[in-house]
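Engineer: Sequence and computational prediction follow.
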Amino acid sequence: MIVIKNLKKSYGGHLVIQVPDLVLSNGIHWFKGANGSGKTTFFRTLAGMLPFEGEITLGGMDIRRDHVSYRLGINYGEAEPDYPEFLTANDLIQFVAAAKKATASDVSKLIDTLGIGPFLFQPTGTYSSGMLKKTSLALAFLGNPKVIILDEPLITIDDATVLKVYELVRDYHASGVTFLLSSHQDFMFEKLPIQTVFRVENQLIHQESVSEH
Ligand SMILES: Nc1ncnc2c1ncn2[C@@H]1O[C@H](COP(=O)(O)OP(=O)(O)OP(=O)(O)O)[C@@H](O)[C@H]1O
């Protein structure tokens, strides 16, 4: 469970998002909102990548005080991944796997499921946008996170990979992982048990009814 209190995130004095009080329970949550509404900023803040005002805890772990255990508990998949171009998918995966304490068998399962094998040892500078996205998705599933945040997980990947991502989300969710997702495309509700839909608008986050979607 993520508990957020009095969160304010600004860039250079310009307020982007404020969350006075929000509890994200275990489940799959979809964050919707117009371009520039603050979804990525909110996700990066929760992932511990940005300074902010307020308090965030994950399963009782404080984002600042318990920063190592907090970060082991939360994974983040970038909307538009961008890596140093000389690094291969294998370099990135091995590095993150070690940091996130992932097992070798989980690593090879993810490489296989997401079809990364054919370009595993090529530098990411040579990748298509879909190959970069598959790499970032593999990184987001490594280790034993309690929460996985996927920012626009379905963009640039082919239809077969979209189905694999649904499968991964369902499987990890079945073993207790909470997902925070954003997408401008609709998710296939029959393939993903989405519990809550949130709308990010006017610097705030409102809960919507799932049946509206
Ligand atoms: N590093 C930054 N420095 C200054 N302003 C930023 C920075 N990153 C984002 N912003 C601003 O914060 C606001 C929210 O951006 P953010 O990327 O969080 O939106 P988003 O909802 O994810 O948008 P999209 O749907 O287009 O991905 C925008 O006005 C953007 O210009």
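Structural biologist: Cool, the structure landed.
Engineer: surely Lys146 meets Thr178?
Structural biologist: Yes. Using C-beta atoms under 8 Å, Lys146 is in contact with Thr178, at 6.4 Å. C-beta here means a position set from N, CA and C on the backbone, and glycine is covered the same way.
Engineer: Compare these two (neighbour count), which wins?
Structural biologist: Taking neighbours as other C-beta atoms under 10 Å, Lys146 and Thr178 compare with Thr178 leading, 23 against 18.
Engineer: what's that one sitting at in phi/psi?
Structural biologist: Main-chain dihedrals, Thr178, degrees, to the nearest 10: phi -90, psi 140.
Engineer: begin at 583 from here
Structural biologist: Will do, 583 is the new start, and the previous item becomes Thr760.
Engineer: I figured it was touching Ile610, is that so?
Structural biologist: Yes. Between Thr760 and Ile610 there is a contact at 7.4 Å, judged by C-beta under 8 Å.
Engineer: Using PDB, list the CA coordinates for the top helix by length along the chain.
Structural biologist: Criterion DSSP state H: the longest helix present in the chain is helix 741-756. Output of helix 741-756 as PDB, limited to C-alpha atoms (Å, rounded to 0.1, in the frame of the first residue of the first chain):
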ATOM      1  CA  ASP A 741       0.500  -6.600 -30.900                       C
ATOM      2  CA  ALA A 742       2.100  -9.900 -29.800                       C
ATOM      3  CA  THR A 743       4.200  -8.000 -27.200                       C
ATOM      4  CA  VAL A 744       1.200  -6.100 -26.000                       C
ATOM      5  CA  LEU A 745      -0.400  -9.500 -25.100                       C
ATOM      6  CA  LYS A 746       2.800 -10.600 -23.400                       C
ATOM      7  CA  VAL A 747       2.800  -7.400 -21.300                       C
ATOM      8  CA  TYR A 748      -0.900  -8.100 -20.200                       C
ATOM      9  CA  GLU A 749       0.200 -11.600 -19.300                       C
ATOM     10  CA  LEU A 750       3.200 -10.400 -17.200                       C
ATOM     11  CA  VAL A 751       1.000  -7.800 -15.400                       C
ATOM     12  CA  ARG A 752      -1.700 -10.400 -14.700                       C
ATOM     13  CA  ASP A 753       0.900 -13.000 -13.400                       C
ATOM     14  CA  TYR A 754       2.800 -10.500 -11.200                       C
ATOM     15  CA  HIS A 755      -0.500  -9.100  -9.900                       C
ATOM     16  CA  ALA A 756      -1.600 -12.600  -9.000                       C
END
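Engineer: Figure out how far it is from the centre of its chain.
Structural biologist: 14 Å (C-alpha atoms, centre = their mean, to the nearest Å).
Engineer: Much appreciated, bye for now.
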